[in-house]
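Peer 1: build the 3D model from these lines:
(one chain, ligands or ions: 1)
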Amino acid sequence: MKNFLRKKNIAVIFCLLAAVIIFAVFFFARNLDNGKNYNADIIIKNAVILTLNENSKIIDNGWIAIKDGKIIGLGNGGHNYTPREVIYAEGKVAMPGLVNAHSHAAMTLFRGADDSSGLADWISNMNNYEKEVSKDEIYWGALLGEIEMIKSGTTTFNDMYFFEEAIANSIKKTGMRAVIDVPFNFEKNKLEIDKEFMNNNKNFSTISFSIAPNPLINFSKTNLDEIKKIILNNNLLLHIHIEERKDEKGRFIEKYGLTPLQMLINSNLLDSKVVMAHAVNFTDDEFKLISKYPNIGIALNPKTNFKLSGFTAPIAKMMEYNLTLGIGTDGAGSSNSLDLFDQINFIAFAAGKCSSDKDYCENKNNIYPEKIIRMATIDGAKVLGLDKEIGSIEIGKKADIILIDFNEIELTPSYDIYSSLAHNTDGSDVADSIIDGKIVMKNRKLINLDEREIAEIIKKVNEVSEKIKKTKTKSLFD
Ligand SMILES: [Zn+2]
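Peer 2: Residues are numbered from 1 along each chain as shown. Okay, the predicted model is just below:
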């Protein structure tokens with residue numbers, strides 16, 4: 001009996017010792033690195049991280065910690081974060097979400113409605129189709145566009161369209177980040193913006209605002225002066241189409257005696273934060289002038305320009321003048337796709353080499369893959385004035401991050417990550433997407449919309465296209 005008690009005591013002591021050792025190991029493991037352990041919402045592990053920071057630092061086998069919508073930690077090797085969710089990213093590249101610097105998301109409704117006209121006829125056809133659609137239909141079109149953007153790696157888009165409340169509601173559904181234009185009207189030359197629209201949407205963390213006078217030729221000097229006042233009072237971005245049409249200067253001079261750029265200068269609008277979409281027909285002198293205004297960003301839309309006008313922006317020249325360049329998809333009515341990688345590929349193939357002038361081949365500012373990827377991320381964010389918040393993977397920035405699956409066939413092998421991204425990545429290689437610290441796509445499955453909702457959106461958009469087909473037939477006989 002005594003023997004049994006002694007053995008029992010030894011067993012108890014042994015158990016206690018084991019518990020102390022386990023506790024100590026656990027305690028020290030949790031308290032590595034200055035003895036602290038931190039909570040995180042998400043950790044991305046084992047990724048190749050393209051930070052796109054100032055030095056374009058690449059971290060192999062890296063991790064990213066995310067909390068409350070922001071990037072709170074970044075590195076490789078061990079970390080001391082306890083996450084609620086882990087994303088294992090072996091074989092994947094983590095990079096900032098793409099920034100679509102100019103879009104009309106709801107124009108998915110008119111994808112392929114006119115694939116053969118030149119720019120002037122195309123604009124007039126689109127104006128006719130746009131008269132046919134309701135606010136609800138714009139909502140369905142915008143949702144389809146945003147699904148397409150998320151599935152191809154875009155996390156932020158800079159939109160310009162009508163029925164803006166429908167666009168804002170679609171953003172609240174998909175969780176994308178966006179700059180949207182504020183509705184406005186002129187009462188006896190005095191401009192009123194829709195304050196209620198701003199109030200309804202300003203507290204949504206991923207929405208910010210622009211003013212988009214379109215088409216610019218409809219706005220007189222008095223109108224533009226009013227716009228300047230509204231921009232100053234409401235801290236708005238100015239989002240315009242400019243120098244897209246070959247005949248644009250002539251039309252402006254005929255109407256106002258000034259070029260579009262001179263009109264903007266006359267109303268002091270170049271001092272504002274401006275996004276100029278297209279900008280393909282500026283002269284050298286105009287580019288030089290624009291380069292003096294650091295707030296101006298240009299949104300390149302190469303597929304639209306090539307399709308509707310037969311040429312693209314002089315990107316090498318723009319770079320020579322050190323202009324801030326981002327990349328846009330424009331609407332699917334002109335570029336047919338909202339996959340920003342389509343535009344990136346187009347620039348890499350069509351404009352990235354020695355296509356226009358031999359001098360550019362040797363120019364240090366040549367359009368190389370890393371630069372094109374910067375245009376689609378951090379430079380695009382700069383174009384929108386959002387580069388302090390998004391566009392790169394850095395501690396303190398908002399967590400807008402995508403994972404590209406480099407195990408995919410078209411990405412195998414990869415000799416250089418930037419070159420693979422610029423030349424042979426397409427939207428379907430994007431596996432996961434995080435916007436504002438929330439997972440919006442995981443293994444290509446959307447989180448905020450289920451299969452039934454997506455099927456409904458496709459059905460609604462197809463119904464609109466049936467209506468537009470009838471408009472087309474009618475106009476043929478007018
Ligand atoms: Zn556009």
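
Peer 1: what about the stretch 251-400 of the chain, any weak spots by pLDDT?
Peer 2: Scanning the stretch 251-400 of the chain for pLDDT under 70 picks out 351-365.

Peer 1: ok, which stretches of it are helices?
Peer 2: Here the stretch 251-400 of the chain has its helices, by DSSP state H, counting those that start in this stretch, at 260-266, 284-290, 302-309, 315-320, 332-335, 340-346, 358-362, 369-375, 378-383.

Peer 1: three-state assignment of the closest residue to Leu237 other than its chain neighbours?
Peer 2: For Leu237, ignoring the flanking residues on the chain, the nearest one in space by Cβ to Cβ, 6 or more residues apart in numbering is Ser210 at 3.9 Å. C-beta coordinates here come from the backbone N, C-alpha and C atoms, glycine included. Following DSSP: H, G, I helix; E, B strand; the rest coil, Ser210 is assigned to strand.

Peer 1: quick one: contacts for Ser210?
Peer 2: Asn158, Met160, Val179, Ile180, Asp181, Val182, Leu236, Leu237, Leu238, His239, Val275 (Cβ atoms under 8 Å, 6 or more residues apart in numbering).

Peer 1: repeat the analysis, applying 10 Å as the threshold.
Peer 2: Contact analysis of Ser210 by Cβ atoms under 10 Å, 6 or more residues apart in numbering lists 158-160, 178-182, 231, 236-240, 273-275, 384-385.

Peer 1: what does Ile207 give?
Peer 2: Counted by Cβ under 10 Å, 6+ apart, Ile207 has contacts Ile167, Ala168, Ile171, Lys172, Met176, Arg177, Ala178, Val179, Ile180, Met198, Asn200, Asn201.

Peer 1: quick check: Tyr256 touching Asn218?
Peer 2: No. Between Tyr256 and Asn218 there is no contact, the gap being 11.1 Å when judged by Cβ atoms under 10 Å.

Peer 1: tell me which of these two has more neighbours.
Peer 2: Set Tyr256 next to Asn218 and count neighbours by other Cβ atoms under 10 Å: Tyr256 wins out with 16 against 9.

Peer 1: name the nearest residue to the more buried one, ignoring sequence neighbours.
Peer 2: For Tyr256, ignoring the flanking residues on the chain, the nearest one in space by Cβ to Cβ, 6+ apart is Met263 at 6.2 Å.

Peer 1: Asn407 touches Pro413, doesn't it?
Peer 2: No. Applying Cβ under 10 Å as the test, Asn407 and Pro413 come out as separate, 11.2 Å apart.

Peer 1: of all the helices of the stretch 251-400 of the chain, which lies closest to Thr473?
Peer 2: When these are compared by Cβ to Cβ, helix 332-335 sits nearest Thr473, at 18.1 Å.

Peer 1: does anything pack onto that closest one? Which helices or strands?
Peer 2: Contacts defined by 3 or more Cβ pairs under 10 Å, 6 or more residues apart in numbering; DSSP states H and E place helix 332-335 against helix 119-130, helix 135-151, helix 302-309, helix 340-346.

Peer 1: alpha carbons only: can I get the shortest one in CSV?
Peer 2: Meaning helix 340-346. The C-alpha coordinates for helix 340-346 follow below in CSV (Å, rounded to 0.1, in the frame of the first residue of the first chain):
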residue,chain,number,x,y,z
LEU,A,340,-6.7,45.6,-66.0
PHE,A,341,-4.2,42.9,-66.9
ASP,A,342,-5.5,43.1,-70.4
GLN,A,343,-4.4,46.8,-70.5
ILE,A,344,-1.1,46.0,-68.8
ASN,A,345,-0.4,43.3,-71.4
PHE,A,346,-1.3,45.7,-74.2
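
Peer 1: that helix: how far from the chain's middle?
Peer 2: Relative to the centre of its chain, helix 340-346 is centred 13 Å away, using Cα atoms, centre = their mean, to the nearest Å.

Peer 1: again with the first one
Peer 2: Shown here is helix 119-130, whose average C-alpha point lies 26 Å from the average C-alpha point of the whole chain (Cα atoms, centre = their mean).

Peer 1: list the buried residues of it.
Peer 2: Leu119, Trp122, Ile123, Asn125, Met126, Asn128, Tyr129, Glu130 (16 or more other Cβ atoms under 10 Å).

Peer 1: now do the shortest one
Peer 2: Applying a neighbour-count criterion of 16+ other Cβ under 10 Å, one finds Leu340, Phe341, Asp342, Gln343, Ile344, Asn345, Phe346 buried in helix 340-346.

Peer 1: adding distance to Leu446, write those out as a markdown table.
Peer 2: Below are the buried residues of helix 340-346 laid out as a markdown table (distance: Cβ to Cβ, whole Å):
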| residue | distance to Leu446 |
| --- | --- |
| Leu340 | 18 |
| Phe341 | 18 |
| Asp342 | 20 |
| Gln343 | 22 |
| Ile344 | 22 |
| Asn345 | 24 |
| Phe346 | 26 |
